[in-house]
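S.K.: Any chance you can model this:
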Amino acid sequence: MEDFGSEGWLAGVRAAAEALPEVPGASLTARVEVSGGPGGPCRLGVVIRDGRLVDLTPGRPADADCTVICGAADAGAILRGELDPAVAYMQGRLKLDGSYERVLFGLRAVLHGEAFGAFADSVRAHSGGESS
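M.R.: Residues are numbered from 1 along each chain as shown. Below you'll find the model as predicted:
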């Protein structure tokens with residue numbers, strides 16, 4: 001098991017993402033900030049093109065479409081399929097700045113697909129701490 005946000009965790013997520021299918025049009029470049037994890041806040045740059053994770057790096061990318069901010073417990077619930085990102089946004093548990101429609105609507109087919117469930121299971125199996 002790897003700590004959320006560590007280089008080993010990032011490598012595990014990248015490997016699990018290789019099984020995600022192409023979803024034309026589901027594209028996003030985002031700054032993701034997760035607070036409340038076991039190692040403190042985690043800031044990631046995420047690039048998704050046509051439903052595929054093409055880049056996942058620590059830090060804050062300069063050229064992002066939007067910023068996604070949430071707590072570790074909510075990030076874990078979204079990964080487990082227990083919390084819809086749109087519901088989390090409406091409840092104030094997920095904050096979006098910039099092209100929020102790309103997260104809420106553009107990635108819907110990815111987040112609700114069967115392959116995403118398998119991806120999330122793999123990420124959870126690889127993760128340690130409360131964010132899993």
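S.K.: residue ranges for the helices of this protein, please.
M.R.: Secondary structure of the chain, counting by DSSP state H: helices at 7-17, 72-80, 85-90, 100-101, 108-111, 114-126.
S.K.: Run the angle between the first one and helix 114-126 for me.
M.R.: To tie it back to what came earlier, the one meant is helix 7-17. 150 degrees (axes from the mean of the first three to the mean of the last three C-alpha atoms, to 10 degrees).
S.K.: who touches helix 7-17?
M.R.: Residues from elsewhere that reach helix 7-17 (C-beta atoms under 8 Å, 6 or more residues apart in numbering): 2-3, 44, 52-53, 56-58, 119, 122-123, 126-127. In short, each C-beta sits where N, CA and C put it, glycine included.
S.K.: now do 6 Å
M.R.: Helix 7-17 has contacts (C-beta atoms under 6 Å, 6 or more residues apart in numbering) with Glu2, Leu53, Leu56, Phe119, Ser122, Val123, His126.
S.K.: buried residues in that helix?
M.R.: Of the residues in helix 7-17, those with enough neighbours to count as buried (16 or more other C-beta atoms under 10 Å) are Trp9, Leu10, Gly12, Val13, Ala16, Ala17.
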